[in-house]
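J.: Sharing a model prediction with you, sequence too.
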Amino acid sequence: MSRVVVVGGGLGGLAASALLAQAGHAVTLLEAATTLGGKSRRIELDGQRIDTGPSLVTFPAVWDELLHRLDAGPARITDVGALDLQRLPEIGRYHYAGETVSLPVPAGHPWHAAWQRFSEIHAPLADDVTALLLTDPRSRGALPAVRRLLGVYGSRLTTRAYLDSLTWLPDGLREVIAIHTLNAGVSPARTPALYASMPAIMAATGAWVPRGGVHEIVTALRRLAEAAGVEVLTGQAVTRIRRGRVRTAQREHAADLVVSGLDEDRLGALLGRPAPRRPRTLSCSAIAVHGVLSAPLPEHVPAHSVVLPRHPAALHRSLAAGDEPADTMAFVNHYRAGEVYPNTRSTVGVLLTGPANDERYTVDHPFVQREIVRISETLGLDASLTEGMTESVVLDPHHYGSFGEPHGALYGAARPAWQSGPFHQPAYRDLRAPWLWRVGASVHPGGGIPAVLGGAMIATARLLARHPA
Ligand SMILES: Cc1cc2nc3c(=O)[nH]c(=O)nc-3n(C[C@H](O)[C@H](O)[C@H](O)COP(=O)(O)OP(=O)(O)OC[C@H]3O[C@@H](n4cnc5c(N)ncnc54)[C@H](O)[C@@H]3O)c2cc1C
């Protein structure tokens, strides 16, 4: 049995701690904040529950696999991890250049035939992508899935190159598909071709929300970790990591192994490594306006809308340069009273994709105001979204930077397409400090919850192969 200290109680750190403790190691998890969850946070506004950060769960098979692996330990603990995942009727309603479309594209829409053709190629890759989310890319088990994927994309290595080669796609639908790479924090020219398949796979396998809100995943992971025997300590900011010890303001923890669930730059500072050279391209950040509404939005507004920018290429250029764009991609998450959350009033979250500029924003900031007006008009509302809010909060790049990448980049530094996915950098195990392992979003840029949880499973399986309890 080794003493393992897991640093950071986001989804990645929590999942890794539960897996390692269930395998028999003595695990302590240190979280700086007073609450767990990191980017997946829960707040209360005007007496209503609002989960900030992730709003949709994709690839639900990844959660099932995590529970399955946790069941392999000496005691059955997975009952405490049960989630009531509810499938949404559509993955979202998209607005681009005057066109409105749901995914999957319904019959009767001018893009339906092209979407069907696209889906027939990509939806069948769902099992292969799920396998890659869960399989160590160095193992032979990953090869069949990789082969099938390469059979589809051929030599078109990036999402942009691949989508541009599909000349039969209507331009608008191509942009709606391509914009999904911003879920990975970067432009389609920086993601592997695989990301082109995601909208079709998501449409086939569903977008899900746990009843009670996405933060239920955090509370379930905490229960699982504690049931596996993890010592969970909150309010313990780690100030230094060295071989054999992890220091917080309160005390020093002895550690045979350390697992970091932190952003890579933040980890580097704790290890005393020099800060990365600037300038470099960062993944995007967000400006999220969450509010409680005095009245629900009109019936025609669904739970999840996506409003695209007028010129996606200009947005990608601005984000890569760290500049505020003219307009951006926005998610609008609208939950009516009693829908998903146990709330008595409707809530709305407007997530504006923004540059990782460490800036603070308010609802009165010109960029936020301009976008709120554009989005409200696009959704066909009579008044601006923020006018109907009785209480609101803005989470900005400065907020995300206060505990993640210091400029607020949600997925750390942007990397070339070939360095994400299976060949990601940084690696799970630190080559300079072999006692140090990594999990979390900066190891798996862009995969969101499935990649963070899948990555935690792959990293801990590799760790356990070297250090069985
Ligand atoms: C606005 C937004 C929308 C998103 N939407 C989706 C979505 O719809 N679907 C999806 O799948 N994904 C989505 N994501 C991505 C998803 O939320 C993240 O990928 C995931 O939550 C990241 O988890 P993590 O474990 O890597 O890290 P984090 O959540 O960053 O956790 C790191 C933890 O480390 C702690 N920490 C930092 N420094 C220290 C220290 N010195 N000592 C101790 N602890 C420390 C932090 O407090 C934090 O709790 C979204 C993210 C955001 C921000």
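T.: Everything's here; your move.

J.: so who does His407 touch?
T.: Leu282, Ser285, Gly322, Ala356, Asn357, Asp358, Pro397, Gly401 (C-beta atoms under 8 Å, 6 or more residues apart in numbering). C-beta: built from backbone N, CA, C; applies to glycine.

J.: now do 10 Å
T.: For His407, the contact set (C-beta atoms under 10 Å, 6 or more residues apart in numbering) comprises 265, 278, 282-283, 285, 322, 355-359, 397-398, 400-401.

J.: Please check the residues you listed and keep the buried ones.
T.: Taking 16 or more other C-beta atoms under 10 Å as the criterion, what is buried in the contacts of His407 is 265, 282-283, 285, 322, 355-359, 397-398, 400-401.

J.: Look up the pLDDT of the residue in the stretch 101-250 of the chain that the ligand sits nearest to for me, please.
T.: Evaluated by C-beta to the nearest ligand atom, the stretch 101-250 of the chain has Val238 as its residue closest to the ligand, separated by 3.6 Å. Per-residue confidence (pLDDT) for Val238: 98.

J.: Over to the one 4 residues further on?
T.: pLDDT recorded at Arg242 is 96.

J.: Wait, it touches His253, no?
T.: No: with contact taken as C-beta atoms under 10 Å, Arg242 and His253 are classed as non-touching, separated by 11.1 Å.

J.: hmm, back to that, tell me the one among the buried ones among the contacts of His407 nearest to Met198.
T.: Ser283 (16.2 Å; C-beta to C-beta).

J.: nearest residue to that closest one other than its sequence neighbours?
T.: Closest residue to Ser283 apart from its sequence neighbours, by C-beta to C-beta, 6 or more residues apart in numbering: Gly185 at 2.9 Å.

J.: Let me see the backbone angles for the one you found.
T.: phi 90, psi 0 (degrees, to the nearest 10).

J.: Also Val259?
T.: phi -120, psi 120.

J.: If you tally nearby residues, what's the number for it?
T.: Burial of Val259 is recorded as 31 neighbouring residues (other C-beta atoms under 10 Å).

J.: Quick check: beta-bridge partners of it?
T.: Val6, Trp437 (DSSP bridges).

J.: Look up how far the ligand lies from it.
T.: 11 Å (C-beta to the nearest ligand atom, to the nearest Å).

J.: Now that that residue has come up, it's in contact with Arg3, right?
T.: No: using C-beta under 10 Å as the test, Val259 is too far from Arg3 to be in contact (11.7 Å).

J.: Tell me the residues of this structure that contact the ligand?
T.: 7-13, 30-33, 38-40, 53-56, 237-238, 261-262, 266, 286, 288, 351, 403-404, 410, 440-441, 448-449, 452 (C-beta under 6 Å from any ligand atom).

J.: Looking at Arg242 and His253 now, which is surrounded by more residues?
T.: Between Arg242 and His253, His253 has the larger neighbour count (other C-beta under 10 Å), namely 21 against 15.

J.: three-state assignment of the more buried one?
T.: Of the three states, His253 takes strand under DSSP: H, G, I helix; E, B strand; the rest coil.

J.: so what sits against both of Val259 and Arg3?
T.: His25, Val27.

J.: Walking through the stretch 251-400 of the chain, point out its helices one by one.
T.: 264-270, 312-321, 366-378, 397-401 (DSSP state H, counting those that start in this stretch).
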